[in-house]
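Student: Sequence first, then the predicted structure, then my questions.
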Amino acid sequence: MAWTNWRKIAVGNEWFDEEFDHDGPACYELGIGRPRGRKVERVYVGETDNEQRRVKLYAQGHGHIEKEIRRELRSGYVLYYRGQAKSSKGAAKKMQDRLLEKCDYPWNGPKKPGRKAVRESVKRAAQTKRTHLEVKFIPSGILK
């Protein structure tokens with residue numbers, strides 16, 4: 001199953017939730033964009049056991065990311081949604097977890113690094129220490 005196209009779900013105080021006919025599990029992304037722009041920036045990934053019900057909750061101003069949604073709508077952005085139907089909530093959760101490992105979604109909070117990312121950051125820190133040892137400091141008060 002593939003992603004749906006991006007669907008406009010909110011502009012200002014107006015919500016468009018009537019187009020969501022999938023009544024089952026899904027992994028979804030929320031994105032924001034300018035009213036006349038074509039680019040949608042992905043800001044949140046989630047999973048649900050019922051896509052239709054979840055979108056309606058957002059439209060009614062409920063949910064744990066309500067503050068973020070309202071802030072962007074007040075700033076003139078448009079809220080977009082796209083989803084991918086899944087066979088079960090477990091399958092939707094697995095997809096969400098894979099996406100969270102690969103991509104940064106600002107509304108989901110900081111990305112949790114996997115083992116590879118942790119190893120790379122430790123390696124970078126070790127290289128940075130070596131670089132700091134090679135730096136020559138100029139005493140304060142000397143201008144060149």
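Tutor: Looks like it arrived, so ask away. Keep in mind that this is a model prediction, so the values were computed, not measured. Numbering: from 1, shown residues only.
Student: Confirm for me that Cys103 is in contact with Arg42.
Tutor: Yes. At 6.9 Å, Cys103 counts as touching Arg42 under the criterion of CB atoms under 8 Å. Every C-beta, even on glycine, is put in place using the N, C-alpha and C of the backbone.
Student: Would you mind telling me which of those two has the busier surroundings?
Tutor: Per other CB atoms under 10 Å, whichever of Cys103 and Arg42 has more neighbours is Arg42, with 18 against 12.
Student: okay but the more buried one is in contact with Glu29, surely?
Tutor: Yes. Here Arg42 reaches Glu29: they are 5.2 Å apart, a contact under CB under 8 Å.
Student: Need the overlap of contacts for these two.
Tutor: Residues touching both Arg42 and Glu29 (CB atoms under 8 Å, 6 or more residues apart in numbering): Tyr105.
Student: any chance you could map the strands in this structure?
Tutor: Per DSSP state E, the chain carries strands over the ranges 7-11, 14-15, 26-33, 41-48, 78-85.
Student: shouldn't Glu29 be in contact with Tyr81?
Tutor: Yes. Counting by CB under 8 Å, Glu29 does reach Tyr81; the two are 7.4 Å apart.
Student: tell me, what residue is most central in the protein?
Tutor: Central residue of the chain (CA atoms, centre = their mean): Tyr105, 2.3 Å from the mean position.
Student: Identify the residues contacting it.
Tutor: Residues in contact with Tyr105, defined by CB under 8 Å, 6+ apart, are 29, 42-45, 99.
Student: quick check, nearest of the residues you listed to Ala59?
Tutor: Of all the contacts of Tyr105, Tyr44 has the smallest distance to Ala59: 15.0 Å, by CB to CB.
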